[in-house]
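**Student:** what follows is a predicted structure for the sequence shown.
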Amino acid sequence: MTPGDPMKINEEPWESLREYFDSKDCNQLSLLVSIRDYGISSALHFIDGHGDKVTSLNITLSFGSAMFNNSLETSALIAQLTNALLATPNLKQLELSFTDPNQEYRIWPIQSLSEPLASLQGAFDKLERLDSLRINGIFIHPSFFLKVPKSVRNLELQCMTSPIWWREFATYPFENVENLVLYHEIGEPRWGDHPSEITDGIRFGQYPILLGSVAISTLKSFSGQGSLSGPSDILECILANNKGLEGRHSFIADWDNEVLPELESCGLILLDCLSESVIRYKKYCTWKHQQANGGTNAQLVQYFFKQCLKSLEKRVNEVYGQNYS
């Protein structure tokens, strides 16, 4: 199925739902719609004429490198997102998740899709009831900064970013955002080799950067995690201009010494495995077992270590594959 081809559906049960929807106004009925992969057009077909009753929308797109390599496909994706937002003007909650492509994607300048992106921004501007917005992954392009609607109070951004994105973040007021969760991953350097990706003398991959200040001033809570190569003064700027925080936050800004998540997970697996091995094999190292089976203390300790290491190696191979042994 290509982006834009609606799925074939059984209309009969949907017609029954339509009749029910018709009997209710938007104050009596609230719909949550979840869309995965290329189902945007099909979902729009489902809610045709009843989009005003959709208050929660969750769109998760998983696609390969073609979506980023082909500007036509990218433009089609943007158009579908735009249409989905225009069809659901009463949204209160919106979540957009984009999985990263598994293959390398070709560089393209964000200016090449300025018109579709402007239309998408316009669709967001019309969401006057939107209260909660969550965006995850590569949101179209690392330099695309979305000006969130003024109604949004709860905002979570887990996006791939660029210095250009951060410059816009610093100057945008986020007028009514009270709760901000911010995780960001730096866009790969190959995204920024095009001359158009230079703003105010700053190249796409030029890090670190300093924001100096931020315009947002309405925060009551701030959490998340920064990046080693992101703006080093983000926490300082947020605290300085958001008196409502009173210095309180759950944002990890200085994570030079933070353990990588993958290593943290591996460490927990190792600890669990060793704990199980100790419990399993220590019974063979008792005085009673030594008297019954012989062997010196040193031999029993050596046996204990060997069995624990074998169990550990087996567990590592099960989880991570033979290459780790």
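**Tutor:** Cool, the structure landed.
**Student:** make it CA atoms for all contacts and neighbour counts henceforth
**Tutor:** Fine.
**Student:** got the contact list for the residue lying closest to Val214 once chain neighbours are set aside?
**Tutor:** Closest residue to Val214 apart from its sequence neighbours, by Cα to Cα, 6 or more residues apart in numbering: Ala170 at 4.3 Å. Ala170 makes contact with 211, 213-216 under the criterion Cα atoms under 8 Å, 6 or more residues apart in numbering.
**Student:** which of those residues has the most neighbours?
**Tutor:** Per-residue neighbour counts (other Cα atoms under 10 Å) across the contacts of Ala170 peak at Val214, which has 22 neighbours.
**Student:** could you look up the SS state of that one?
**Tutor:** coil (DSSP: H, G, I helix; E, B strand; the rest coil).
**Student:** got the contact list for it?
**Tutor:** 169-173, 237-238, 241.
**Student:** which ones among those map onto helices?
**Tutor:** Of the contacts of Val214, the ones assigned to helices by DSSP state H are 169-171, 237-238, 241.
**Student:** and Phe169, how many neighbours?
**Tutor:** 18.
**Student:** quick one: it and Phe144 touch, right?
**Tutor:** No - taking contacts as Cα atoms under 8 Å, Phe169 lies outside contact range of Phe144: 10.6 Å.
**Student:** ok so, going back, with distance to Asn297 added, can I get the ones in helices among the contacts of Val214 in CSV?
**Tutor:** As requested, the ones in helices among the contacts of Val214 are exported to CSV (distance: Cα to Cα, whole Å):
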residue, distance to Asn297
Phe169, 65
Ala170, 66
Thr171, 70
Cys237, 61
Ile238, 61
Asn241, 65
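**Student:** excluding chain neighbours, what is closest to His141?
**Tutor:** Ile110 (6.8 Å).
**Student:** pLDDT (mean, whole number) over the longest helix seen in the chain?
**Tutor:** Counting residues, the longest helix found in the chain (DSSP H) is helix 297-320. For helix 297-320, mean pLDDT rounds to 78.
**Student:** which parts of it are buried?
**Tutor:** Within helix 297-320, the residues that qualify as buried are 300, 304, 308, 312-313, 315-316, counting by 16 or more other Cα atoms under 10 Å.
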